[in-house]
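Chemist: Take a look and give me a structure for this.
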Amino acid sequence: MMTNELQYLSILPELILTIFGMLIMVLDPLMADRASRKPMGWLAFVGTLAALGATFYQGTHPVAGTAFFGMVRTDAFSIFFHVVVIVIAALAILSSLDYLETQGIRSGEYYGLILLGTVGMGLLSSAMELVMLFIALEISSISTYILAGYRRRVAASAESSIKYFLLGSFATAFFLYGVALIYGATGSTNITAISQALHNNHISSLTYLALVLMFVGMGFKVAVTPFHVWTPDVYEGAPAPVVALMSTGPKAAAFALMLRVLFGSFGELSQWWLPLIWISAALSMTIGNVGALLQNNVKRMLAYSSIAHAGYLLVAFAAGQDMGIAAAIFYTATYAAMNVGAFAVVSHFASRGERYVSIDDYAGLGRRSPVLAITLTIFMLSLIGIPLTGGFFAKFYVFSAALKSNLVWLTIIGLVNSAIAAYYYLRLIVVMYMKEGDDSVTLVPVPVATAAALLIAAGLTIYLGVMPGGVLGYALLGAQDLMR
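Modeler: This next block holds a predicted model:
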């Protein structure tokens, strides 16, 4: 256990994000109704930088261990995911600064919700108590429910928010019932205590039912088949920068939750839940890629793409062991970089009212806006898994771990799906460079904040494809901490 001072250091990033989020909520009503809310956005961005600094401080100082009576654990695993979700929040804020002005949205609480939602995402990676995980899940989810409907005058956005809220609440109820049942079966909601109880005692049928219910709740949050049905409609209706956030940040945090629960609590039942992971991975990859092939809306295409990438991640889950978990952790970071960047391009290009979201609207973009076209090309090539991009090594490590675990057929399914996915990603690139553009599609110069977000996301994508060793090494350290 930590001393009192170190206990608060273990949640220092969350404390900083909470303070900045509350400060924005207090300052926003004091501003004139028609005044720009960009200062609130820059304040939120500073908050993410401060939280990121606190996370790096945790990684370089002796604050590792459990805190608050074993409810929170600081280790390489939690630090890695803290860095991922905070960087995602920072990039989402940068891409939102001019987007909100373009859409005529002047609400500073938008940035406060991003920061407070990031608090929940961070806690999902460090909580060691199922009730604490539930609270963190709700903190993250409630923020994204509201953000999904932030284009209040657009019916599709309101529908997106309501659908996400209703289905999300339903899935959360499954998770909570599972928590109640596992408490009845083991007498504890502590992840380590549950693992010890399942190891030392007879495993009752109540435990299997609890695992199924919790898997349903977690499957919804990460949008894997058959719990993916909400994804295309919600992504299409939500504001593009919000989709950049919700398709990466909450998903990365939910995968951290899944790793903690499955390998931390239910490791004794791995021979029982691994087949479920296998089936869900195969279905997610196939349905996601086939669905993306049929889309002409870029946001819906990327929504189905996210389902497919969740399937690739589950391949690493099925591989298990340190290498499989490290591959899953590395994949979350890589996917976050390239998907946030792709949606940053979409949010700028869509213009007022998000008019330009069709693939055909991108015709001639390579000639009219080389910066947008080049960055979007980098992200599409990484999503395919082309060498020199992060996506290549992410898939390479996932499939390598799967082969080492003798998951030959699942690897073959993944490779075939990767080939299918190349078609719809390359289709967008072909449209940008090889088709004449429509003069009715107006382009505005890329603002400084959006350009910075694109540069950071593209830089991270290339860095993870050229020098992945350092990040993968820390991911492996996080996997070892998790298994320990």
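
Chemist: ok, which stretches of the protein are strands?
Modeler: 65-67, 72-74 (DSSP state E).

Chemist: Out of those, flag the one nearest Ala156.
Modeler: strand 72-74 (38.7 Å; Cβ to Cβ). All C-beta atoms are positioned from the backbone trio N, CA, C, and that covers glycine.

Chemist: Show me what the closest one is packed up against.
Modeler: Applying 3 or more Cβ pairs under 8 Å, 6 or more residues apart in numbering; DSSP states H and E, we find strand 72-74 packed against strand 65-67, helix 109-126.

Chemist: neighbouring contacts of it?
Modeler: Residues from elsewhere that reach strand 72-74 (Cβ atoms under 8 Å, 6 or more residues apart in numbering): 9-11, 58, 63-67, 123, 126-128, 132.

Chemist: returning to what we had before: now for the helices and strands packed on strand 72-74, which one comes closest to Ser36?
Modeler: helix 109-126 (12.4 Å).

Chemist: do you know how far Leu9 is from Ala67?
Modeler: Applying Cβ to Cβ, to the nearest Å, the value for Leu9 to Ala67 is 8 Å.

Chemist: and what of Gly264?
Modeler: 17 Å.

Chemist: For these two, work out which one has more neighbours and name it.
Modeler: Ala67 (22 against 19; other Cβ atoms under 10 Å).

Chemist: circling back to that earlier point, just the buried members of the contacts of strand 72-74?
Modeler: Neighbour counting by 16 or more other Cβ atoms under 10 Å classes 9-11, 58, 63-64, 66-67, 123, 126-128, 132 among the contacts of strand 72-74 as buried.

Chemist: got the end-to-end distance for stretch 148-163?
Modeler: Stretch 148-163 has an end-to-end distance of 10 Å (criterion: Cα to Cα, to the nearest Å).

Chemist: Contacts for that stretch, please.
Modeler: 103, 105, 107, 110, 145-146, 164, 230, 233-239, 242, 246, 353-354.

Chemist: Could you turn the buried ones of those residues into a ChimeraX selection?
Modeler: Applying 16+ other Cβ under 10 Å to the contacts of stretch 148-163, the buried members can be selected in ChimeraX as follows:
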select :103,105,110,145,146,164,230,233,234,235,236,237,238,239,242,246,354
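
Chemist: Mark which of the contacts of stretch 148-163 are part of helices, please.
Modeler: Taking DSSP state H as the definition of helices, the contacts of stretch 148-163 contribute 110, 145-146, 164, 233-237, 242, 246.

Chemist: before we move on, the earlier item: identify, out of the helices and strands packed on strand 72-74, the most deeply packed stretch.
Modeler: The highest average neighbour count among these, using mean count of other Cβ atoms under 10 Å, belongs to helix 109-126 at a mean of 27.

Chemist: Quick one: mean pLDDT over it.
Modeler: Averaging pLDDT along helix 109-126 yields 91.

Chemist: and Pro226, what are its phi and psi?
Modeler: phi -100, psi 30 (degrees, to the nearest 10).

Chemist: quick one: contacts for it?
Modeler: Pro226 neighbours (Cβ under 8 Å, 6+ apart): 219, 280, 283.

Chemist: burial count for the last one?
Modeler: Think Leu283. Other residues close to Leu283 by other Cβ under 10 Å number 18.

Chemist: per-residue confidence at it?
Modeler: For Leu283, the predicted pLDDT is 94.

Chemist: And it, how far from Phe45?
Modeler: 39 Å.

Chemist: Ok, Leu115 next?
Modeler: 10 Å.

Chemist: same thing with Ile329?
Modeler: In terms of Cβ to Cβ, Ile329 sits 26 Å off from Phe45.

Chemist: what about these two, which has more around it?
Modeler: Ile329 (30 against 24).

Chemist: Contacts only, for the closest residue in space to Ser188 that isn't next to it in sequence.
Modeler: Closest residue in space to Ser188, ignoring its immediate chain neighbours: Ile194 at 5.8 Å, by Cβ to Cβ, 6 or more residues apart in numbering. When contacts are counted by Cβ under 8 Å, 6+ apart, Ile194 is found next to 130, 182, 186, 188, 265-266.

Chemist: of all these, which two lie farthest apart?
Modeler: Between any two of the contacts of Ile194 (Cβ to Cβ), the greatest distance is 13.4 Å, for Ser188 and Phe266.

Chemist: of these two, who's got more company?
Modeler: Neighbours were counted for Ser188 and for Phe266 using other Cβ under 10 Å; Phe266 has more, 23 against 17.

Chemist: For the more buried one, list the residues it contacts.
Modeler: Taking Cβ under 8 Å, 6+ apart, one finds 194-195, 198, 211, 273 in contact with Phe266.

Chemist: do the same with Thr334
Modeler: So Thr334 contacts 382, 390-391, 393-394, 461, 464 (Cβ under 8 Å, 6+ apart).

Chemist: How about Tyr208?
Modeler: 269, 272.

Chemist: Relative to Thr186, how far out is it?
Modeler: For Tyr208 relative to Thr186 (Cβ to Cβ), the value is 13 Å.

Chemist: Run through the bridge partners of Ala127.
Modeler: Note on Ala127: beta-bridge partners by DSSP bridges are Val72.

Chemist: Could you report the separation of it from Met258?
Modeler: In terms of Cβ to Cβ, Ala127 sits 13 Å off from Met258.

Chemist: now do Ser400
Modeler: 21 Å.

Chemist: Comparing those two, which residue is more hemmed in?
Modeler: Met258 (24 against 17).

Chemist: isn't that one right next to Gly217, touching?
Modeler: No. Counting by Cβ atoms under 8 Å, Met258 sits too far from Gly217 to count as a contact (10.0 Å).

Chemist: Who's the closest spatial neighbour of Tyr433, skipping the chain neighbours?
Modeler: Gly366 (4.0 Å).

Chemist: wait, what's in contact with the one you found?
Modeler: Counted by Cβ under 8 Å, 6+ apart, Gly366 has contacts 373, 432-433.

Chemist: which among the contacts of Ile194 gets closest to Pro250?
Modeler: Nearest member of these to Pro250, counting by Cβ to Cβ, is Leu130, at 18.1 Å.

Chemist: Identify the residues contacting the nearest residue to Thr225 once chain neighbours are set aside.
Modeler: The shortest distance from Thr225 to any non-neighbouring residue, by Cβ to Cβ, 6+ apart, is to Leu283 (3.9 Å). Leu283 makes contact with 224-226, 311, according to Cβ under 8 Å, 6+ apart.

Chemist: For Ile420, give me its contacts.
Modeler: Contacts of Ile420 (Cβ under 8 Å, 6+ apart): 289-290, 293.

Chemist: So it versus Pro232, what's the distance?
Modeler: Taking Cβ to Cβ, one finds Ile420 at 17 Å from Pro232.

Chemist: can you pull the contacts of the residue nearest to Arg34 when sequence neighbours are not counted?
Modeler: In this structure, Arg34 finds its nearest non-sequential neighbour in Arg106, 6.8 Å apart by Cβ to Cβ, 6+ apart. By Cβ under 8 Å, 6+ apart, the contact set of Arg106 is 33-37, 100.

Chemist: neighbours around Val290, how many?
Modeler: For Val290, the count of nearby residues is 15 (other Cβ under 10 Å).

Chemist: Cool, thanks, signing off.
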